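**Student:** sequence? don't have it. structure:
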Ligand SMILES: Nc1ncnc2c1ncn2[C@@H]1O[C@H](COP(=O)(O)OP(=O)(O)OP(=O)(O)O)[C@@H](O)[C@H]1O
């Protein structure tokens, strides 16, 4: 379980997260929703140690991870797909996946058949340059790359941004399947209601750097006002 308590973090003098607390339950898909600029990406970066935490704690299975270097947080079992995907465009699909494995442990290459089974396009197009992929295909590659290290928790920052609705639905179904079959814990920052409805078990709503509300998938389905209140749509 990932437990965040009274977290304050931001950029220089600017505090974005204000006493943010939440629990990300093991084996669940948790969606973090909220309007632009509320601090969702800042939370992801804080978890990954990419920006310093001013006060508060982040624990992974009871072990404090805030204050550790990003590579140690990654090795502790947290995979991260940042906003904008950031695949290596000049490298082939196979090279992108191999690089992810080499970054941690060679034995991670053993995961390749499993990754190919989940995302067949990555096997079919293994020698294609990642930069020639569509946005949706690059997102699949970015997710697969994060899964190459066998994380316990996967953080995804707006994976549907700029992707066609039918691909969004496909990716959501596949992630939900992977979570169900492997017990992978997922925390996904997402504004796309279809994706959240398809894959999330639990939803957190963020406002002004704080946890404003939370609900189950069933509650989200039966209460339209939640989406209107926290996403202004
Ligand atoms: N590098 C930075 N330096 C200073 N301020 C920043 C920086 N990055 C983000 N901010 C500010 O922090 C606040 C929260 O931004 P953040 O990206 O976490 O929001 P978000 O909820 O993820 O929104 P979005 O959906 O637009 O990505 C915003 O006011 C933003 O302008």
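**Tutor:** Yep, it's here. The structure displayed is predicted, hence computed values, not measured ones.
**Student:** quick one: the helices in this protein, in order.
**Tutor:** With DSSP state H, the ranges of helices along the chain come out as 40-47, 70-75, 93-102, 112-118, 121-124, 135-147, 165-182, 193-199, 217-222, 224-231.
**Student:** the shortest one packs against which elements?
**Tutor:** Counting contacts by 3 or more Cβ pairs under 8 Å, 6 or more residues apart in numbering; DSSP states H and E, helix 121-124 packs against helix 112-118, helix 135-147. For the C-beta atoms, the positions are set from N, CA and C on the backbone; glycine is no exception.
**Student:** out of the helices of the chain, which gets nearest to the ligand?
**Tutor:** Go through the helices of the chain one by one with Cβ to the nearest ligand atom and the one that ends up closest to the ligand is helix 40-47, at 3.3 Å.
**Student:** identify the residues contacting that closest one?
**Tutor:** Contacts made with helix 40-47 from outside it, assessed by Cβ atoms under 8 Å, 6 or more residues apart in numbering, are listed as 2, 4, 7, 9-11, 16-17, 20, 32-34, 51, 53, 58, 65-66, 73, 78, 80, 82-83, 155, 157, 187, 189, 206, 209.
**Student:** how much space separates the most centrally placed residue in the chain from residue 57?
**Tutor:** Among the residues of the chain, residue 156 comes closest to the average C-alpha position under Cα atoms, centre = their mean, at 1.7 Å. According to Cβ to Cβ, to the nearest Å, residue 156 stands 23 Å off from residue 57.
**Student:** ditto for residue 161
**Tutor:** Plainly put, residue 161 is 30 Å away from residue 57 if you go by Cβ to Cβ.
**Student:** likewise for residue 218?
**Tutor:** As defined by Cβ to Cβ, residue 218 lies at a distance of 31 Å from residue 57.
**Student:** okay, the two: which has more neighbours?
**Tutor:** Set side by side, residue 218 and residue 57 show unequal neighbour counts under other Cβ atoms under 10 Å, the larger going to residue 57 at 15 against 9.
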